[in-house]
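In: Here's my sequence, what's the structure:
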Amino acid sequence: MRLAVVGGGPKAAAIAALAECRSLEGYRTPEIVIFEPNEIGASWTGRYGFTDGEQRLCTLAERDLGFPYAFDPWHPRVSGALLNQFSWQAYLTDTWGYGDWLDRGRRPPRHQDYAKYLKWAVDRAVRTTIQIREQVVSLAYKGDWSVRTRASVHGGFDGVVITGSGPPLPPLLGADPAFVFNAFDVFMQERLLRPLLESIPFEDRKVVVIGSGGAGAASVDWLLRSGMPRSQILIVSTGATVFTRSHAYFENRLFSDFDGWNELPIRARRQALDRLTQGVVWAPVAERLAETDLVGYLHGAAKKFELLPTHELALIVDRDPGPALPGSAPPLGSVSVPATIFIDARGFWFGWFVQLLPQPERGVLQQLRSDPGWDMSLDSGFAIDHPMFPPNLHIPAFGGLVHPASTNLMALGEVAKMILDRYDV
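Out: From the prediction side, this is the model:
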């Protein structure tokens with residue numbers, strides 16, 4: 001059997017590691033083919049956007065490619081092999097860094113160091129994993145899946161795993177690329193940002209960040225620690241404030257206790273996902289933001305950009321709160337927020353993979369996604385379960401109801417297991 005993985009990030013590395021260990025322990029497992037146009041862990045290196053590479057992981061280093069290393073009665077020796085061969089500690093031991101990491105207090109790794117760990121793991125999975133450094137341009141299903149890249153066609157796949165967050169959301173109306181950056185490439189634009197900011201006196205220098213989730217907070221954190229000119233920073237978001245996520249037992253437990261998660265009703269699962277994974281900032285980043293008096297917050301919905309009579313670019317923010325309680329303040333309407341630069345951190349297009357599919361599969365998926373509860377149609381392996389759709393297209397980015405770790409780094413080992421169990425032959 002063969003399994004294609006589109007994207008060479010943490011999920012691909014976790015799948016490769018688990019497949020390798022199952023093979024090492026004598027269990028049959030599919031061949032893993034990872035399609036990644038740049039390099040394994042590219043989005044974490046700081047060379048391709050998303051990060052400058054210097055930011056530290058917000059999750060603990062021990063939540064690595066095999067976590068939570070739960071006992072699997074069908075593969076009883078695999079958890080131990082994973083821990084010995086592919087854990088964060090195994091990587092540091094192999095690269096002579098374990099003692100230094102421990103001496104420094106077991107700090108979470110920098111993104112660029114995490115990228116090296118991912119590459120080390122995939123390179124180590126020599127029995128089961130093939131790396132193809134090509135850009136995927138389309139998928140097709142005719143009895144089995146085929147993957148077309150810019151250079152060739154690769155067929156005979158029993159399933160396809162889609163990973164990665166996709167490109168940023170389209171810019172707002174009126175966005176001028178000379179002054180409006182996005183959370184994907186802002187980290188690579190220092191040569192443009194610095195002179196823009198330095199040309200404005202501090203008292204008039206303002207940066208507006210649209211979005212209060214992880215991407216927005218990472219952008220603010222980068223501005224504060226990267227040596228950029230001191231600026232007043234305003235976060236604009238529809239949330240009431242910047243919500244914080246910390247390491248707490250009962251919250252963390254939801255990500256590693258799969259049986260407990262399955263016992264929760266759908267309503268409770270959605271509440272947990274909203275609280276723990278969507279539009280929240282990890283405590284270490286929130287604490288750094290709290291250490292400065294340069295960061296402010298404005299509640300409202302960013303609508304568009306307009307050029308003011310003063311030739312300044314301004315963000316139009318809708319502050320109308322909707323129906324008001326008796327005795328409360330009247331609706332505020334829209335306000336113009338001028339700034340030196342803007343960073344659009346509203347999020348990324350997680351449905352980017354739809355464009356890879358042919359008709360009629362694309363039409364079926366688009367119809368499914370028009371239903372707010374469409375994510376309930378994903379099966380236990382994060383694949384679309386619909387009679388009009390081909391089997392085994394795994395999209396863990398939409399699988400939060402199935403397992404809360406499908407969209408993050410909290411339990412990569414469990415997510416990989418749920419996908420590979422489909423191909424336990």
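In: now stretch 214-229: mean pLDDT?
Out: Taken as a whole, stretch 214-229 carries a mean pLDDT of 88.
In: next one: stretch 313-329
Out: The predicted confidence, averaged over stretch 313-329, sits at 77.
In: so residue 285 makes contact with residue 221?
Out: Yes - Residue 285 is in contact with residue 221 according to Cβ atoms under 8 Å; the separation is 5.3 Å. All C-beta spots, glycine's among them, are computed from the backbone N, C-alpha and C.
In: In the sheet, which strands lie alongside the helix or strand containing residue 281, parallel or antiparallel?
Out: Per DSSP states H and E: residue 281 is located in strand 280-282. In the sheet containing strand 280-282, the strands it pairs with under DSSP bridges are strand 243-245 (parallel).
In: Next, residue 151: secondary structure please.
Out: Three-state assignment for residue 151 (DSSP: H, G, I helix; E, B strand; the rest coil): coil.
In: The one 10 residues further on too?
Out: Assigned with three-state DSSP, residue 161 falls in the strand class.
In: quick one: contacts for residue 151?
Out: residue 134 (Cβ atoms under 8 Å, 6 or more residues apart in numbering).
In: Against residue 139, how distant is it?
Out: Using Cβ to Cβ, to the nearest Å, one obtains 16 Å as the distance from residue 151 to residue 139.
In: got it, and residue 375?
Out: Look at residue 375 and residue 139: by Cβ to Cβ, they are 20 Å apart.
In: go on, residue 86?
Out: Distance check for residue 86 against residue 139: by Cβ to Cβ, it reads 28 Å.
In: who's more crowded, these two?
Out: When neighbours are counted by other Cβ atoms under 10 Å, residue 86 comes out ahead of the other of residue 86 and residue 139, with 26 against 21.
In: Do you have the strands of the stretch 301-425 of the chain handy? List them.
Out: Along the stretch 301-425 of the chain, the segments classed as strands by DSSP state E, counting those that start in this stretch run 301-307, 313-318, 334-338, 341-344, 393-394.
In: Buried deepest among the ones you listed, which one?
Out: Using mean count of other Cβ atoms under 10 Å, the stretch among these with the greatest mean number of neighbours is strand 341-344 (a mean of 26).
In: tell me what that one is packed against?
Out: Applying 3 or more Cβ pairs under 8 Å, 6 or more residues apart in numbering; DSSP states H and E, one finds that strand 341-344 makes contact with strand 180-182, helix 190-198, strand 206-210.
In: related to what we said a few turns ago, can you give the distance of the strand holding residue 281 from its chain's centre?
Out: Centre-to-centre, strand 280-282 and its host chain are 13 Å apart (Cα atoms, centre = their mean, to the nearest Å).
In: So what would you say the end-to-end distance of stretch 25-40 is?
Out: Using Cα to Cα, to the nearest Å, the gap from the first to the last residue of stretch 25-40 comes to 25 Å.
In: same question but for stretch 4-17, I mixed them up
Out: End-to-end distance of stretch 4-17: 15 Å, with Cα to Cα as the criterion.
In: chain center to that stretch: distance?
Out: Here the centre of stretch 4-17 is set off from its chain's centre by 14 Å, with Cα atoms, centre = their mean.
In: How about stretch 176-187, which residues are buried there?
Out: Neighbour-count burial for stretch 176-187, with 16 or more other Cβ atoms under 10 Å as criterion, is recorded at 179-184, 186-187.
In: returning to that earlier point: pipe the strands of the stretch 301-425 of the chain into JSON lines and attach distance to residue 93 per row.
Out: Output for these, formatted as JSON lines (distance: least, Cβ to Cβ, whole Å):
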{"stretch": "strand 301-307", "distance to residue 93": "47"}
{"stretch": "strand 313-318", "distance to residue 93": "49"}
{"stretch": "strand 334-338", "distance to residue 93": "51"}
{"stretch": "strand 341-344", "distance to residue 93": "39"}
{"stretch": "strand 393-394", "distance to residue 93": "32"}
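In: Out of those, the one nearest residue 269 is which?
Out: Taking Cβ to Cβ, strand 393-394 is the member of the strands of the stretch 301-425 of the chain nearest to residue 269, at 19.2 Å.
In: ok, back up a step: C-terminal to the strand holding residue 281, what's the next element?
Out: Next element after strand 280-282 (DSSP H and E): helix 283-290.
In: quick one: contacts of that next one?
Out: The contact list for helix 283-290 (Cβ under 8 Å, 6+ apart) reads 56, 58, 217-218, 220-221, 224-225, 242, 244-247, 281, 295.
In: which among these end up buried?
Out: 56, 58, 217-218, 220-221, 224, 242, 244-245, 281, 295.
In: What's the local residue count around residue 363?
Out: Around residue 363 there are 13 residues (other Cβ under 10 Å).
In: Outline the domain layout of this protein.
Out: Taking automatic domain parsing as the domain assignment, the record places the domains of the chain at 2-167+348-423, 180-245+275-344.
In: Now do the end-to-end distance for the first one.
Out: It stands for domain 2-167+348-423. In domain 2-167+348-423, first residue to last residue: 9 Å (Cα to Cα).
In: I'd say residue 71 and residue 79 touch.
Out: Yes - with contact defined as Cβ under 8 Å, residue 71 reaches residue 79; the gap is 6.2 Å.
In: who has more neighbours, the two?
Out: Neighbour totals were compared for residue 71 and residue 79, and residue 79 leads with 20 against 9 (other Cβ under 10 Å).
In: Counting neighbours, which bits of the helix or strand containing the more buried one end up buried?
Out: The secondary structure element spanning residue 79 is helix 78-86 (assigned by DSSP H and E). Counting neighbours by 16+ other Cβ under 10 Å, one finds that the buried residues in helix 78-86 are 78-79, 81-83, 85-86.
In: Let me have these in JSON lines, adding distance to residue 133 and pLDDT as columns.
Out: Rendered in JSON lines, the data for those read as follows (distance: Cβ to Cβ, whole Å; pLDDT from 0 to 100):
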{"residue": "78", "distance to residue 133": "28", "pLDDT": "95"}
{"residue": "79", "distance to residue 133": "31", "pLDDT": "95"}
{"residue": "81", "distance to residue 133": "28", "pLDDT": "96"}
{"residue": "82", "distance to residue 133": "26", "pLDDT": "97"}
{"residue": "83", "distance to residue 133": "29", "pLDDT": "97"}
{"residue": "85", "distance to residue 133": "24", "pLDDT": "97"}
{"residue": "86", "distance to residue 133": "22", "pLDDT": "98"}
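In: Alpha carbons only: can I get stretch 108-122 in PDB?
Out: Output for stretch 108-122, consisting of C-alpha atoms alone and laid out as PDB, is shown next (Å, rounded to 0.1, in the frame of the first residue of the first chain):
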ATOM      1  CA  PRO A 108      10.800  24.700  24.000                       C
ATOM      2  CA  PRO A 109      13.000  24.800  20.900                       C
ATOM      3  CA  ARG A 110      13.200  27.700  18.500                       C
ATOM      4  CA  HIS A 111      11.200  27.200  15.300                       C
ATOM      5  CA  GLN A 112      14.300  26.800  13.200                       C
ATOM      6  CA  ASP A 113      15.600  24.100  15.600                       C
ATOM      7  CA  TYR A 114      12.200  22.300  15.400                       C
ATOM      8  CA  ALA A 115      12.600  22.300  11.600                       C
ATOM      9  CA  LYS A 116      15.900  20.500  12.000                       C
ATOM     10  CA  TYR A 117      14.200  17.900  14.200                       C
ATOM     11  CA  LEU A 118      11.500  17.300  11.600                       C
ATOM     12  CA  LYS A 119      14.100  16.900   8.800                       C
ATOM     13  CA  TRP A 120      16.200  14.600  11.000                       C
ATOM     14  CA  ALA A 121      13.100  12.400  11.700                       C
ATOM     15  CA  VAL A 122      12.000  12.100   8.000                       C
END
